[in-house]
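1. how does the following fold in three dimensions:
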Amino acid sequence: MASYSYNTRGVCARQVVFDLENGKLNNVKFIGGCPGNTKAIAKLLEGADAKRTVDILKGNDCGGRGTSCADQLAIAVELAMEKEGASA
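-> Residues are numbered from 1 along each chain as shown. Down below sits the predicted model:
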């Protein structure tokens with residue numbers, strides 16, 4: 001299992017961390033951000049397929065910022081998958 005961290009841009013959360021193993025997400029945690037929303041996202045994504053997560057969350061906007069915590073997670077997961085040699 002590989003662990004990843006990503007410093008977010010343009011959102012309230014400062015960082016997102018997660019584990020990726022066999023294309024599945026585990027231990028998703030946001031540092032900062034709206035606690036209720038980010039904890040809910042993390043719970044929903046435990047054991048989720050990484051590619052499907054990217055497909056669902058990428059491009060999600062928060063208040064006209066052009067991104068969101070969910071979008072930043074999608075970007076981070078996509079980068080992790082590229083690093084592991086899996087296509088997003």
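2. rest of the way, CA atoms for contacts and neighbours
-> Fine.
3. ok now the top helix by length along the chain, how far from the chain's centre?
-> Criterion DSSP state H: the longest helix present in the chain is helix 69-83. Helix 69-83 sits 5 Å away from the centroid of its parent chain (Cα atoms, centre = their mean, to the nearest Å).
4. got a list of contacts for it?
-> If you take Cα atoms under 8 Å, 6 or more residues apart in numbering as the criterion, helix 69-83 is touched by 4-6, 8-9, 11-13, 16, 20, 23, 33, 38, 41, 50-51, 53-55, 57-62, 87-88.
5. just the buried residues of it, please?
-> By 16 or more other Cα atoms under 10 Å, the buried positions in helix 69-83 come out as 69-81.
6. let's test this: mean pLDDT of it, rounded?
-> Averaged across helix 69-83, pLDDT comes to 97.
7. likewise stretch 7-26?
-> 97.
8. contacts for it?
-> Contact with stretch 7-26 is made by 1-6, 27-34, 45-51, 65, 67-69, 72-73, 76, 80-81, as judged by Cα under 8 Å, 6+ apart.
9. pull out the buried residues from those.
-> With neighbours counted by 16+ other Cα under 10 Å, these contain buried members at 5-6, 28-30, 33, 45, 47-51, 67-69, 72-73, 76, 80-81.
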